[in-house]
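J.: coordinates only, sequence not included:
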């Protein structure tokens, strides 16, 4: 099975760290484009659904402050490292590729660094962080506003 990012490389259907010429065979191109369309129609939503399924339990156990701190450590630190270090390293290869494929005509220098930083495939972790922090804020506000119902201490009276 072809992973979706590999299919993107070989179809030219999106930006990635490596670019291949578009396949000459129209059937191969059509198959890969259909594969990408079907795959992207469900898989990211499914991953967000799975992640969201476990967030309420974690939030209840930890409380909003500790939940957000944990997410900032688990998602925020890797995001910063990827954004400023790993993505620029991965993107350097685009400058070595033919300009006819990448449309990059400027030479690689430190002045190109701002063009190299970015989320890349870590956009998923960035969105998880945004969703988790937003959910924690909503949960904290809702928890402070909604009065908690107390359990009845005695059963209700039956009859007249």
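T.: On my side now, so go ahead. These numbers were taken from a predicted model, which means no experiment stands behind them.
J.: quickly find the element holding residue 53.
T.: If you go by DSSP states H and E, residue 53 is part of helix 26-62.
J.: where in this structure is pLDDT low?
T.: Judged by pLDDT under 70, the chain has its weakly predicted residues at 1-2, 12-15, 22-23, 146-160.
J.: in the helix holding residue 53, what's buried?
T.: Counting neighbours by 16 or more other CB atoms under 10 Å, one finds that the buried residues in helix 26-62 are 29, 32, 36, 55, 59. C-beta: built from backbone N, CA, C; applies to glycine.
J.: now do stretch 100-119
T.: With burial defined by 16+ other CB under 10 Å, the residues of stretch 100-119 counted as buried are 104, 116, 118.
J.: before we move on, what about stretch 3-18?
T.: Neighbour-count burial for stretch 3-18, with 16+ other CB under 10 Å as criterion, is recorded at 4, 7-13, 16-17.
J.: which of those fall in helices?
T.: When these are checked against helices using DSSP state H, the ones located there are 4, 7-11.
J.: distance to residue 143 added to those, as a markdown table?
T.: Converted to a markdown table, those look like this (distance: CB to CB, whole Å):
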| residue | distance to residue 143 |
| --- | --- |
| 4 | 39 |
| 7 | 44 |
| 8 | 42 |
| 9 | 46 |
| 10 | 49 |
| 11 | 47 |
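J.: can you list the helices and strands that the helix or strand following the helix holding residue 53 packs against?
T.: Tracing the chain C-terminally past helix 26-62 and defining elements by DSSP H and E, one meets helix 64-71 next. Contacts defined by 3 or more CB pairs under 8 Å, 6 or more residues apart in numbering; DSSP states H and E place helix 64-71 against helix 26-62, helix 123-145.
J.: pretty sure residue 118 sits against residue 87.
T.: Yes: contact status for residue 118 versus residue 87: in contact at 5.1 Å, counting by CB atoms under 8 Å.
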